[in-house]
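Asks: Quick check, what structure comes out for this input:
(one chain, ligands or ions: 4)
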Amino acid sequence: LRLESGLREAVAARAFELVYQPKIEAAGGRLTGFEALIRWRHEGAAVSPADFIPVAEDTGLIIEIGRWVLEEACRTATRWALDHGPVPVAVNVSARQLADPGFARLVEQVLQRHGTPPNLLELEITETVIMKDVRHHLPTLNRLRDLGVRIAIDDFGTGYSSLAYLRQLPVDVLKIDRSFVNDLPHAPDIASTVIALAQRLLLSTVAEGVETAEQRHWLAEAGCDCLQGYLISRPLAAEAAEAMVMTAF
Ligand code: G
Ligand code: G
Ligand code: NA
Ligand code: MN
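Replies: Ligands and ions are numbered 1, 2, ... in the order given. Below you'll find the model as predicted:
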């Protein structure tokens with residue numbers, strides 16, 4: 001309950017920040033984009049989104065927080081594109097946001113308001129959230145795709161994807177869950193299978209949670225497209241991320 005009232009005040013005061021974790025090409029190391037991650041300092045300490053996002057979901061505060069995240073990510077992507085060059089920014093979308101009937105319209109309005117090229121925005125939705133009610137989410141996903149934003153399935157491999165649905169979903173990217181990357185290189189079956197599936201469906205792959213050089217080499221050899229994780233970089237404050245964008249152009 002204290003977390004909840006603190007969160008309400010934080011929403012009113014816009015007391016959040018986004019940090020940006022780089023993604024790079026597995027072959028070559030070129031910067032390909034960032035994942036935006038929310039941060040909240042409450043009573044002098046950082047509260048993990050793993051702790052407050054579920055509270056935000058339960059209370060409905062996620063709608064307003066999610067809107068702020070979208071706005072901030074689009075504002076940043078647009079500014080970087082104008083000052084340096086185009087770099088996509090991904091944001092995490094929670095179950096309740098995706099289920100909100102106004103979500104696709106909100107995304108459209110935010111893109112317009114900030115003059116953001118739609119292909120600079122990527123939406124990360126976990127496999128569990130999408131697959132729990134595919135038929136319900138499909139019209140929203142199709143509207144988002146029609147806007148030109150990219151859609152990534154987050155934590156892929158941890159849920160139960162119907163392969164028949166996967167083929168019909170308007171998605172662009174599979175993010176291999178960190179737990180399977182962690183198994184590399186000694187237990188590569190799941191990572192291999194996801195990469196093969198993605199290649200078959202013409203989707204691109206991002207490996208999450210890459211922490212060792214061995215994992216990086218395995219993934220590059222296996223044909224994984226992009227890498228993200230502490231080996232590449234921790235999530236960065238906006239200024240440090242912008243410095244990376246600058247050197248990429
Ligand atoms: O790095 P990390 O501690 O940021 O994230 C912990 C969890 O919180 C992850 O599951 C991540 O996807 C989620 N998360 C981080 N930022 C956001 C956000 O802006 N929106 C939502 N819905 N989830 C987020
Ligand atoms: O996929 P999801 O959005 O749930 O993941 C985001 C979370 O993963 C954030 O908490 C982020 O800080 C964390 N993260 C990013 N890279 C790494 C890594 O290399 N190792 C670990 N353990 N966590 C990571
Ligand atoms: Na994510
Ligand atoms: Mn993930």
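Asks: Show the average pLDDT along the strand or helix carrying Leu70.
Replies: Leu70 belongs to helix 61-83 when assigned by DSSP states H and E. Rounded to a whole number, the mean pLDDT of helix 61-83 is 97.
Asks: And stretch 226-242, by the same measure?
Replies: This predicted structure assigns stretch 226-242 an average pLDDT of 98.
Asks: quick check, the helix holding Leu70 touching ligand 2?
Replies: No - using Cβ under 6 Å from any ligand atom, helix 61-83 stays clear of ligand 2, coming no nearer than 12.2 Å. Quick note: C-beta positions are derived from backbone N, CA and C, even for glycine.
Asks: Which positions within that helix qualify as buried?
Replies: Of the residues in helix 61-83, 61-63, 65-67, 69-78, 80-81 count as buried by neighbour count, 16 or more other Cβ atoms under 10 Å.
Asks: again with stretch 173-192
Replies: For stretch 173-192, burial by neighbour count (16+ other Cβ under 10 Å) applies to 173-178, 180-182, 184, 188, 190-191.
Asks: Any part of it near ligand 3?
Replies: No - judged by Cβ under 5 Å from the ion, stretch 173-192 stays clear of ligand 3, getting no closer than 6.7 Å.
Asks: mean confidence for that stretch?
Replies: 97.
Asks: Do me a favour and get the end-to-end distance for it?
Replies: Start-to-end span of stretch 173-192 (Cα to Cα, to the nearest Å) is 16 Å.
Asks: and if you look at stretch 122-137?
Replies: End-to-end distance for stretch 122-137: 17 Å, by Cα to Cα.
Asks: near ligand 3, anything from that stretch?
Replies: Yes - Stretch 122-137 reaches ligand 3 (Cβ under 5 Å from the ion) through Glu124.
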